[in-house]
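1. let's see this in three dimensions:
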Amino acid sequence: MKLHQLRYLHEVARQGLNITSAAEALFTSQPGVSKQIQLFEDELGLQIFQRNGKRLTGITEPGEKILALAAKVILDVENIKRVGDEFSQVETGTLTIATTHTQARYKLPAAVKAFMANYPQVKLNIHQGNPSQVAQQVASGEADIGIATEVISQYNNILCLPCYKWNRCVVAPQGHPLLSDGVLTLAKLASYPLITYDFAFTGGTLVSKIFSDAGLSPNVVLTAIDADVIKTYVTLGLGVGLLANMAYDADRDVNLVKVDVSHLFPDSTTYLGVRKDAFLRAYMVGFIELIAPQFNHQAVIAALKISA
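-> Predicted structure coming up:
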């Protein structure tokens, strides 16, 4: 049993049982990956993957247990490397952040700029996705830090730190009838074509629940995961936009008028998540402090110890 065999198993599972994709991600050959998996199965005397000819079609019951253990071993090895790097190469390394477009576009820039100034030798990767994808990347170890709204707090192996609360606004082109329709209510909002976040977002689900609880069905004509896309189609006159307050930029969105609707919807909370069993290097904690200053180094390390 060799460590690289565990890496191959882990990557094949991560790539949806596609050996070719796993081999590309591992910078090796497809026959090499297949051979090592077969050797590993022969050594254990059981099948990890179900097959149809040469194609992998599923994971066996013992395979599920082995893959879970393999993922833990790989993370432990990564933690060991991080400990070594922390004391021998303090200023170098890689930080991978998974977050949503809205956070990446409107909340992260100042922190990213400060981080890159503080740690110029650290390579920074930012992966964008919806909150479920963000949480999955942190849970699987693909990302060191995840920043997203509420859904990330539902994963048992992720420590979540509440960063800040936010609410929503409606944007419409100048002269739109909604802007002269008096105090905006849910009923009035439901009467206009609505462009908002994809309902994979927790915020979208919350919004739909608020309408449903009021006995209303919003006329959602278009959804997107990107706030800038929403604003583009609002500018084209296809509907009014419902988006996070932070996504309205008065300097850039000069063709749109913002109406705060925090009186219609409860606040949402953006969380910062890290795996409970991950070793965080000093620069990773440094980034957390930039995003959520209320959590200093000692507070983050103490929270990890408590959650372990």
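2. please tell me how far residue 60 sits from residue 23.
-> 21 Å (Cβ to Cβ, to the nearest Å). Quick note: C-beta positions are derived from backbone N, CA and C, even for glycine.
3. try residue 298
-> Separation of residue 298 from residue 23 (Cβ to Cβ) stands at 43 Å.
4. so between those two, which is more surrounded?
-> The residue with more neighbours, out of residue 298 and residue 23, is residue 23; 20 against 9, by other Cβ atoms under 10 Å.
5. so that one touches residue 37, yeah?
-> No - counting by Cβ atoms under 8 Å, residue 23 stays clear of residue 37, with 11.0 Å between them.
6. mutual contacts of the two, please.
-> Overlap of the contact sets of residue 23 and residue 37 (by Cβ atoms under 8 Å, 6 or more residues apart in numbering) is empty.
7. OK, contacts around the residue positioned nearest the centre of the chain?
-> Nearest to the geometric centre of the chain sits residue 134, at 1.7 Å (Cα atoms, centre = their mean). Residues in contact with residue 134, defined by Cβ under 8 Å, 6+ apart, are 98-100, 127, 143, 146-148, 152, 273.
8. which SSE is residue 125 in?
-> Per DSSP states H and E, residue 125 falls inside strand 122-128.
9. list the buried residues of the very next helix or strand once past that strand.
-> Next helix or strand after strand 122-128 toward the C-terminus (DSSP H and E): helix 131-140. For helix 131-140, the neighbour count (16 or more other Cβ atoms under 10 Å) marks 131-139 as buried.
10. could you pull out the strands for this protein?
-> 49-52, 55-59, 93-99, 122-128, 145-149, 158-166, 168-173, 193-197, 219-224, 240-244, 256-260, 268-275 (DSSP state E).
11. okay, those, which one's buried deepest?
-> Highest mean neighbour count of the strands of the chain: strand 145-149, a mean of 27 (counted as mean count of other Cβ atoms under 10 Å).
12. tell me how far it lies from the chain's centre.
-> Chain-centre distance of strand 145-149: 5 Å, with Cα atoms, centre = their mean, to the nearest Å.
13. coming back round to it: dump the contacts of residue 134 into JSON lines; add pLDDT and distance to residue 76 as well.
-> As requested, the contacts of residue 134 are exported to JSON lines (pLDDT from 0 to 100; distance: Cβ to Cβ, whole Å):
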{"residue": "98", "pLDDT": "96", "distance to residue 76": "21"}
{"residue": "99", "pLDDT": "94", "distance to residue 76": "26"}
{"residue": "100", "pLDDT": "90", "distance to residue 76": "30"}
{"residue": "127", "pLDDT": "94", "distance to residue 76": "23"}
{"residue": "143", "pLDDT": "93", "distance to residue 76": "18"}
{"residue": "146", "pLDDT": "95", "distance to residue 76": "20"}
{"residue": "147", "pLDDT": "94", "distance to residue 76": "25"}
{"residue": "148", "pLDDT": "88", "distance to residue 76": "26"}
{"residue": "152", "pLDDT": "79", "distance to residue 76": "23"}
{"residue": "273", "pLDDT": "91", "distance to residue 76": "20"}
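14. between the buried residues of helix 131-140, which sits nearest residue 74?
-> In terms of Cβ to Cβ, no member of the buried residues of helix 131-140 lies closer to residue 74 than residue 139, at 13.6 Å.
15. do you know how far the closest one is from residue 211?
-> Distance from residue 139 to residue 211, by Cβ to Cβ: 31 Å.
16. again with residue 84
-> Taking Cβ to Cβ as the measure, residue 84 and residue 211 are separated by 53 Å.
17. neighbour count: those two, which is higher?
-> Ranked by neighbour count (other Cβ under 10 Å), residue 84 and residue 211 place residue 211 first, with 19 against 10.
18. wait, that one sits on residue 218?
-> Yes - the pair residue 211 / residue 218 is scored as a contact, 5.0 Å apart, by Cβ under 8 Å.
19. who touches both of the two?
-> Common neighbours of residue 211 and residue 218 (criterion: Cβ under 8 Å, 6+ apart): residue 190.
20. so what's residue 57 up against?
-> Residue 57 sits next to 17, 49-51 when contact means Cβ under 8 Å, 6+ apart.
21. closest to residue 114 among those?
-> The shortest approach to residue 114 among the contacts of residue 57 belongs to residue 17, at 41.4 Å (Cβ to Cβ).
22. give me phi/psi at that closest one?
-> Backbone torsions of residue 17, given as degrees, to the nearest 10, read phi 70, psi 20.
23. got a list of what the nearest residue to it once chain neighbours are set aside touches?
-> Distances taken as Cβ to Cβ, 6 or more residues apart in numbering put residue 56 closest to residue 17, at 4.0 Å, once the chain neighbours are dropped. Contact analysis of residue 56 by Cβ under 8 Å, 6+ apart lists 12, 17-19, 49-50.
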